[in-house]
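> Here's my sequence, what's the structure:
(chains A and B)
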Protein chains: 2
Amino acid sequence: MYVILVYDIVVDDEGKKILPKVFKSCKKYLSHIQNSVFEGDMTKSQMMALKLELQKSLRKDKDSLIVFSSRDQKWLSKEFWGKEDDKTSKFL
Amino acid sequence: MYVILVYDIVVDDEGKKILPKVFKSCKKYLSHIQNSVFEGDMTKSQMMALKLELQKSLRKDKDSLIVFSSRDQKWLSKEFWGKEDDKTSKFL
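Numbers count the residues shown, from 1 in each chain, chains lettered A, B, ... in the order given. Predicted coordinates:
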């Protein structure tokens, strides 16, 4: 399935340690396309693995992480209204 | 069509003025669900209007704004792996 993952981690003292962990976990499975946005194809079991991994770090009362998924990339179109896709993933 | 809009504005002097404009424009059509992420249903003409409006502000060499769209919300599922949906839209 095709996945778009967006997160918003509260950058307090603890959050500063969580952010790089979340980034690295997402990078294993998905392409980093924007500040805290990832996209890519994933199997169900990869989704489960990433979810378990991320939920060890995410704080349910503070950190937001939303996963949109579509059974197939063909159901999704993508437009760049600003600069074109920048594949270089800068560690944020 | 169902839209997910994510942006990453370079917050230099000029960007500080652009950010609230982009936020306000998106808020007119979409729900603010996370830091720089919006979602919602839009008609094609609304998409065109928002695109024209935003492209007046966005700097093509710096600012990233990506729009994912699906013909129907039913082709997209949404999961919260962190805190549940927070409908209060904080001006960022």
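> OK, contacts around residue A:46?
residue A:29 (C-beta atoms under 8 Å, 6 or more residues apart in numbering or on different chains). Using the backbone N, CA and C atoms, a C-beta is placed for each residue, glycine as well.
> how about the helix or strand it falls within: buried residues?
In this structure, residue A:46 sits in helix A:44-57 according to DSSP states H and E. Neighbour counts over helix A:44-57 (16 or more other C-beta atoms under 10 Å in any protein chain shown) mark A:46, A:47, A:50, A:53, A:54, A:57 as buried.
> go on, stretch A:2-18?
Within stretch A:2-18, the residues scored as buried using 16+ other C-beta under 10 Å are A:2, A:3, A:4, A:5, A:6, A:7, A:8, A:9, A:10, A:18.
> Mind picking the two most distant members of the residues you listed?
Greatest spatial distance among the buried residues of stretch A:2-18 (C-beta to C-beta): A:2 and A:10, at 28.1 Å.
> Could you pick out the residues of chain A near chain B for me?
Taking C-beta under 8 Å from any C-beta of the partner chain as the measure of proximity, chain A contacts chain B at A:4, A:6-8, A:33-37, A:51, A:54-55, A:58-71, A:75-83, A:86.
> and the gap between residue A:31 and residue A:58?
Distance, residue A:31 to residue A:58, by C-beta to C-beta, to the nearest Å: 21 Å.
> Then residue A:51?
On the measure of C-beta to C-beta, residue A:51 and residue A:58 end up 10 Å apart.
> Overlap in contacts, those two.
With C-beta under 8 Å, 6+ apart, residue A:51 and residue A:58 have common neighbours residue B:81.
> Could I get the full set of helices for chain A?
A:13-29, A:44-57 (DSSP state H).
> Just the CA trace of the last one, in CSV.
By that I understand helix A:44-57. What follows is helix A:44-57, C-alpha atoms only, in CSV (Å, rounded to 0.1, in the frame of the first residue of the first chain):
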residue,chain,number,x,y,z
LYS,A,44,1.2,-4.5,5.9
SER,A,45,3.9,-6.3,7.9
GLN,A,46,6.4,-3.4,7.3
MET,A,47,3.6,-1.0,8.5
MET,A,48,3.2,-3.1,11.7
ALA,A,49,6.9,-3.2,12.3
LEU,A,50,7.3,0.6,11.9
LYS,A,51,4.3,1.3,14.0
LEU,A,52,5.6,-0.9,16.9
GLU,A,53,9.0,0.8,16.6
LEU,A,54,7.6,4.3,16.5
GLN,A,55,5.1,3.8,19.3
LYS,A,56,8.0,3.0,21.7
SER,A,57,9.2,6.6,21.3
